[in-house]
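S.K.: here is my input; please provide its structure:
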Amino acid sequence: MHWAKILGVAVGAAALLGLGIILGHFAIPKATDPQASSTSDSQDLDLAILDSVMGQLDASRIRENLRELSKEPHVATSPRDEALVQLLLGRWKDSATGLDSAKTSEYTVLLSYPSAEQPNSVEVVDPSGGLLVYANRGSEEDFKHLEAQRIKLEGTIALTRYGGVGRGAKAINAAKHGVVGVLVYTDPGDINDGKNSPSETFPNSWGLPPSGVERGSYFEYFGDPLTPYLPAHPSSFRLDLNNISGFPPIPTQPIGFEDAKDLLCNLTGPSAPGSWQGALGCEYKLGPGFEPNGSFPADSEVKVSVHNRLELRTSSNVLGIIQGAVEPDRYVIYGNHRDSWVHGAVDPSSGTAVLLEISRVLGTLLKKGAWRPRRTIILASWGAEEFGLIGSTEFTEEFLSKLQERTVAYINVDISVFSNATLRAQGTPPAQSVIFSATKEISAPGSSGLSIYDNWIRYTNRTSPVYGLVPKLGTLGAGSDYASFVHFLGITSMDLAYTYDQSKTSARIYPTYHTAFDTFDYVEKFLDPDFSSHQAVARTAGSVLLRLSDSLFLPLNVSDYSETLQSFLQAAQDDLGTLLEKQNISLGPLVTAVEKFKTAAAALVQHILTLQKSSPKVRMVNDQLMLLERAFLNPRAFPDERYYSHVLWAPNTASVATFPGLANACARAQEINSGPEAWAEVQRQLSIVVTALEGAAATLAPVADL
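M.R.: Numbering: from 1, shown residues only. Predicted structure coming up:
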């Protein structure tokens, strides 16, 4: 019995040991496991890895990416668009250069397409259409000017030029005044520095040729029109087609400036104001109708036929994932849309070409086991952006809670290269510091020997009360896929690109924007022949991405918001203070709230400097930095503005560069016949801003404080 007991103990011990080995085999992370325990919690940005990535980003590979991406038109949901989905999946699943995982997410969305059987048309006809008028840029003020000239707008067709107000706003404004149709063209005075002949434009220069037609969405909002605030899944509630808002109330059709010239240069009526004149080679008149001795019979009218159809289509986002080693539940998202209006070499394929090169370099390091980020990186190719930022908006709707809880920052690179002169960066204030840090370490293209930062400051700069002369960081509106991240989710965001020297051209954007002439040959010949500017953007975006995903402390300087808030406060005091005093509305609480924020931000910055890398407070402090932007959200601040919740960056339609809700409310209150309720809204908007600032200050204060 004694030996039996000993044997039994030995067998039991062996069994336990074996079980322990088995459990250990499956429980202990392997070296290739993204959660590997060998990774230190104090993992910080590895400058050697950063330098390696910068050196491996290859201009020639970006060139070949762009050649492939832009060789065929790829409008959203077209067969070529879906082929590019597969291309991205293939790259991101590659065994040697791929990521941890890649997948698609699909949404059933409402898109507007022209009819192949009945093409849209614009005709000059016998009296059976509408008299033509010229309405400049189609703003509300432009139509009021026409009425002041005693021009009857009811039943007319308005010819407008791009710029001034958005595409959809032109139709909305026109409809208010009885106009029944709108034509939109690109004036060579706005895009070509006045050049309008074929010999002076593409393919002989970068200018837009006379037949070029700028396409674009006329939808007022962003996201799927049928499922606002809901992801466009088959099971989601959809609005009735008759209850959709945001589409143009009247037919609207873009045309080239050669056709616009035939119409505009034959108009009769009074001369247009000097600021309305353009570069079509004639005196612009207002109409209505055509002059007696022109190219058309004097009683001719214009007929606009639009046969676009609304269709439910399946659009795909493509997501590539690199899991974080230390904080896998913290996300840095880098996105670019995939769909184009035609070939889309600049918009958006220049951005996708850069995205693919960055993913190749990071994927290679990942597969070799040479690197894994501290935080999770999500690379995104958004679908159907051109129809109203649809793919990115549906993504933010579907994963709203997770993204708000976990997303550190969003990096957008849509058009990576407008031209090859200098960097153009836009973003919310905390993004400024990481962009500056990245660009100081990267050489600018060309032989100047300057860094991207020093080259940038030569072209566009501002004087900061804190830093002195610095490059100017632009603000984010709703022009690309960052919109829902900023305005809806309150995530620190930025948009990066290389652009042209604005002192040498008055072009409002690169001339072939959204036309059939936005091709690979156009890019290679006129915008970036050696693709060094594409490479510069890849290095800038790649450096920012690594700094955000790998740095122990998030490189987001919350004190940079203090300058913005101070400038907004100063504008409110200077431009609105006297007006508000007359209504017994005090800006005192706003002054106090701004000071409270500045104090809390400065204190947090100093606190970070005292923390050790091993401090358990690192994660806590990073969460404060990450969540600051969320503190400025108030989903009830702007009930008439879909998705706009950020009280600092909502649309400002007033002339005062201050807090948008306050500025807009004051402008409305000053209108004729405004009553006490208008001034009550001013007081409400002031309270909303004060509350947001106090909440932001509380976010930055020590977490135990209330």
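S.K.: which one is the residue sitting nearest the centre point of the chain nearest to, not counting chain neighbours?
M.R.: Nearest to the geometric centre of the chain sits Ser480, at 2.7 Å (CA atoms, centre = their mean). Nearest residue to Ser480 in three dimensions, chain neighbours excluded: Asp414, at 4.4 Å (CB to CB, 6 or more residues apart in numbering). Using the backbone N, CA and C atoms, a C-beta is placed for each residue, glycine as well.
S.K.: next: Leu365.
M.R.: Trp371 (4.1 Å).
S.K.: you'd agree the one you found is in a helix?
M.R.: No - under DSSP: H, G, I helix; E, B strand; the rest coil, Trp371 sits outside any helix and is assigned coil.
S.K.: what is the burial count for it?
M.R.: Neighbours of Trp371 under the rule other CB atoms under 10 Å: 19.
S.K.: that one reaches Ile49, doesn't it?
M.R.: Yes - taking contacts as CB atoms under 8 Å, Trp371 lies within contact range of Ile49: 5.2 Å.
S.K.: quick one: low-confidence parts of the stretch 401-550 of the chain?
M.R.: Filtered on pLDDT under 70, the stretch 401-550 of the chain yields no residues whatsoever.
S.K.: can you pull out the strands in it?
M.R.: 407-412, 422-427, 461-464, 468-471, 493-499 (DSSP state E, counting those that start in this stretch).
S.K.: now do the buried residues in the fourth one.
M.R.: Judged by neighbour count using 16 or more other CB atoms under 10 Å, the buried positions of strand 468-471 are 470-471.
S.K.: mind starting the numbering at 36 from now?
M.R.: Happy to do that; since the first residue is 36 now, the last one works out to strand 503-506.
S.K.: so what strands line up beside that strand?
M.R.: strand 496-499 (antiparallel) (DSSP bridges).
S.K.: give me every residue that touches Glu664.
M.R.: For Glu664, the contact set (CB atoms under 8 Å, 6 or more residues apart in numbering) comprises 463, 465, 521, 525-527, 681.
S.K.: my error: substitute Phe178 in the last question.
M.R.: With CB under 8 Å, 6+ apart, Phe178 has these contacts: 170, 188, 193, 208-209, 211-212, 214.
S.K.: redo these as TSV? Include secondary structure.
M.R.: Formatted as TSV, those follow (three-state DSSP):
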residue	secondary structure
Ala170	coil
Leu188	coil
Ala193	strand
Asn208	helix
Ala209	helix
Lys211	helix
His212	coil
Val214	coil
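S.K.: so Val200 touches Gly173, yeah?
M.R.: Yes - assessed by CB under 8 Å, Val200 is found in contact with Gly173 at 6.1 Å.
S.K.: and for the two, which residues touch both?
M.R.: Asn208.
S.K.: show me which of those two is the more surrounded one.
M.R.: Between Val200 and Gly173, counted using other CB under 10 Å, the more crowded position is Gly173 (28 against 17).
S.K.: pull out the buried residues from stretch 674-688.
M.R.: Here stretch 674-688 shows 677-685, 687 as buried, counting by 16+ other CB under 10 Å.
S.K.: the residues you listed: which two are farthest apart?
M.R.: Spatial extent of these (CB to CB) is set by the pair Arg677 and Leu683 at 17.9 Å.
S.K.: tell me which stretches of the stretch 236-385 of the chain form strands.
M.R.: With DSSP E, counting those that start in this stretch as the criterion, the stretch 236-385 of the chain has strands spanning 287-289, 336-340, 344-357, 362-372.
S.K.: redo those strands as TSV? Include mean neighbour count and mean pLDDT.
M.R.: Formatted as TSV, the strands of the stretch 236-385 of the chain follow (neighbours: other CB atoms under 10 Å; pLDDT from 0 to 100):
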stretch	mean neighbour count	mean pLDDT
strand 287-289	22	97
strand 336-340	19	96
strand 344-357	20	97
strand 362-372	23	98
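S.K.: how much space between the residue nearest to the centre of the chain and Ile544?
M.R.: Distance, Ser515 to Ile544, by CB to CB, to the nearest Å: 13 Å.
S.K.: on that earlier part again, which one of the contacts of Phe178 has the most neighbours?
M.R.: Busiest of the contacts of Phe178 [other CB under 10 Å] is Ala193, holding 32 neighbours.
S.K.: which ones are touching that residue?
M.R.: Taking CB under 8 Å, 6+ apart as the test, what Ala193 contacts is 167-170, 173, 178, 205, 209, 214, 216-218.
S.K.: got a pLDDT number for Ala50?
M.R.: Ala50 carries a pLDDT value of 41.
S.K.: where do the domain boundaries of the protein fall?
M.R.: Under the assignment automatic domain parsing, the domains of the chain span 82-143+345-585, 595-735.
S.K.: tell me the most buried of those?
M.R.: Comparing those by mean neighbour count (mean count of other CB atoms under 10 Å), domain 82-143+345-585 ranks first with a mean of 21.
S.K.: gap between it and the chain center?
M.R.: Remark: domain 82-143+345-585 is offset 10 Å from the chain centroid, using CA atoms, centre = their mean, to the nearest Å.
S.K.: picking up where we left off before, quick check: the residue nearest to Leu400 vs Val653, distance?
M.R.: Counting by CB to CB, the gap from Trp406 to Val653 is 21 Å.
S.K.: helices along the stretch 286-435 of the chain, start to end?
M.R.: Secondary structure of the stretch 286-435 of the chain (DSSP state H, counting those that start in this stretch): helices at 292-299, 385-402, 425-433, 435-441.
S.K.: then the stretch 86-235 of the chain?
M.R.: With DSSP H, counting those that start in this stretch as the criterion, the stretch 86-235 of the chain has helices spanning 94-104, 114-127, 175-183, 202-211, 223-226.
S.K.: kindly reformat those helices as a markdown table containing distance to Asp294.
M.R.: Formatted as a markdown table, the helices of the stretch 86-235 of the chain follow (distance: least, CB to CB, whole Å):
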| stretch | distance to Asp294 |
| --- | --- |
| helix 94-104 | 30 |
| helix 114-127 | 28 |
| helix 175-183 | 21 |
| helix 202-211 | 17 |
| helix 223-226 | 13 |
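S.K.: just so I know, which of those helices lies nearest Ala692?
M.R.: Closest among the helices of the stretch 86-235 of the chain, using CB to CB: helix 175-183, at 19.3 Å.
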